[in-house]
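In: okay, structure incoming, though there's no sequence with it:
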């Protein structure tokens with residue numbers, strides 16, 4: 001994915017070779033609830049993204 005909009009006012013974050021730009025208010029919110037983890041899976045049963053927020057995440061949902 002590529003961000004084609006201006007990144008002015010956004011904070012640059014990098015993790016595992018991925019760069020993301022987020023609103024500083026979101027970073028403050030995440031500091032209170034925990035990290036967001038986005039993974040891509042591709043197996044016989046599913047393909048798509050999994051999203052986990054904070055400690056518990058969203059369980060076994062397959063968000064794609």
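Out: Thanks, I have it. Quantities reported herein were computed from a predicted structural model and do not represent experimental measurements.
In: right, and the helix or strand after the lowest-mean-pLDDT helix or strand in the chain?
Out: Lowest mean confidence among the helices and strands of the chain (mean pLDDT, DSSP states H and E): helix 24-33, at a mean of 82. As assigned by DSSP states H and E, the chain's next helix or strand after helix 24-33 is strand 36-42.
In: now the angle between helix 24-33 and that next one, please.
Out: Angle of strand 36-42 versus helix 24-33, following axes from the mean of the first three to the mean of the last three Cα atoms, to 10 degrees, is 90 degrees.
In: listing partners with orientation, what would you give for strand 36-42?
Out: Sheet pairing here is set by DSSP bridges, and for strand 36-42 it gives strand 47-53 (antiparallel).
In: flag every buried residue along the partner strand.
Out: By 16 or more other Cβ atoms under 10 Å, the buried positions in strand 47-53 come out as 50, 52. Quick note: C-beta positions are derived from backbone N, CA and C, even for glycine.
In: starting at the chain centroid, how far to that strand?
Out: Chain-centre distance of strand 47-53: 9 Å, with Cα atoms, centre = their mean, to the nearest Å.
In: quick one: residue 33 from residue 48, how far?
Out: Distance, residue 33 to residue 48, by Cβ to Cβ, to the nearest Å: 23 Å.
In: how distant is the least confident helix or strand of the chain from the center of its chain?
Out: That offset, for helix 24-33, works out to 12 Å (Cα atoms, centre = their mean).
In: which strands or helices does it pack on?
Out: Judged by 3 or more Cβ pairs under 8 Å, 6 or more residues apart in numbering; DSSP states H and E, the packing partners of helix 24-33 are strand 11-15.
In: now the following helix or strand past the strand it packs on and strand 36-42, what's the angle there?
Out: Counting by DSSP H and E, the next helix or strand C-terminal to strand 11-15 is strand 18-22. Strand 18-22 and strand 36-42 are oriented at 140 degrees to each other (the same axes, to 10 degrees).
In: how about residues contacting the least confident helix or strand of the chain?
Out: With contact meaning Cβ atoms under 8 Å, 6 or more residues apart in numbering, helix 24-33 is reached by 9, 10, 11, 13, 36, 53, 54.
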